[in-house]
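>>> Take this sequence and fold it.
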Amino acid sequence: MSTLTKIPRVASETRYRGPKPRYVSAAETRRLLARGSAKLAERLRADDMVTPMAAAQAADVTMATVRTWIDDGRAIAVSVSRSTRRLPRWQFEPAIWEALPQLSKALNSRDSWMLLSFLETPLGGLGGLTPRQALEQGQSQRVLALAIEEA
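Numbers count the residues shown, from 1 in each chain. Below you'll find the model as predicted:
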């Protein structure tokens, strides 16, 4: 028959005594997720979001090439459903297209939604421009530097 003994506390075991962490309620979490889902759905319906077929036509390449770009993380392609994706048409503009691989590496991410959000969010370091706008204006080195800071 074994007996359990109480293990004494050692001095190195300290308890956290700061303010209680704030947790978001389940209802608030659902509200935040719904708002995020609504924003994503709205963004996917925007006029500049195209199908892979339309992207192939715009870039003057085959569908197989676009699929390879998507699979390799070379192109931004946000999933609508398991089998449907949308791509921002503007990513094929030379200034942006040339910067995308470096941006992805700088941000340490191939996640399309994250890349799209980064490119479309105004940044103080760019004087309120979005990284996309700054790339279009030839500020690729500044955008890459900010992406590295962001990561």
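
>>> Please point out which parts of the longest helix along the chain sit buried.
Identified as the longest helix of the chain according to DSSP state H is helix 26-44. Within helix 26-44, the residues that qualify as buried are 40, 43, counting by 16 or more other CB atoms under 10 Å. The way it works is simple: take the backbone N, C-alpha and C, and place the C-beta from them, glycine included.

>>> How far does it sit from its chain's centre?
Computed by CA atoms, centre = their mean, to the nearest Å, the separation of helix 26-44 from the middle of its chain amounts to 15 Å.

>>> Check which helices and strands the next helix or strand after it is in contact with.
Counting by DSSP states H and E, the next helix or strand C-terminal to helix 26-44 is strand 49-50. If you count contacts as 3 or more CB pairs under 8 Å, 6 or more residues apart in numbering; DSSP states H and E, strand 49-50 packs onto strand 85-88.

>>> The strand it packs on - which strands sit beside it in the sheet, and in what orientation?
Here strand 85-88 has these sheet partners by DSSP bridges: strand 49-50 (antiparallel), strand 78-79 (antiparallel).

>>> For it, output the C-alpha coordinates as PDB.
Extracted C-alpha coordinates of strand 85-88, given in PDB (Å, rounded to 0.1, in the frame of the first residue of the first chain):
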ATOM      1  CA  ARG A  85     -10.000  30.800 -54.400                       C
ATOM      2  CA  ARG A  86      -9.800  34.500 -55.300                       C
ATOM      3  CA  LEU A  87      -6.700  36.400 -56.200                       C
ATOM      4  CA  PRO A  88      -6.300  40.200 -56.100                       C
END
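
>>> Tell me how far that strand lies from the chain's centre.
Taking CA atoms, centre = their mean, one finds the center of strand 85-88 at 14 Å from the center of the full chain.

>>> And the contacts of it?
Strand 85-88 is contacted by residues 44, 48-52, 55, 66, 70, 75-80, 116 when judged by CB atoms under 8 Å, 6 or more residues apart in numbering.

>>> how far away is residue 57 from residue 97?
Using CB to CB, to the nearest Å, residue 57 is found at 16 Å from residue 97.

>>> so residue 148 makes contact with residue 106?
Yes - Residue 148 is within contact range of residue 106, at 4.8 Å (criterion: CB atoms under 8 Å).

>>> between the two, which one's more packed in?
Ranked by neighbour count (other CB atoms under 10 Å), residue 148 and residue 106 place residue 106 first, with 19 against 14.

>>> The spatially most central residue of the chain: which element?
Centroid check for the chain by CA atoms, centre = their mean gives residue 114 as the closest residue, at 0.3 Å. In this structure, residue 114 sits in helix 112-120 according to DSSP H and E.

>>> Perfect, I'm done here.
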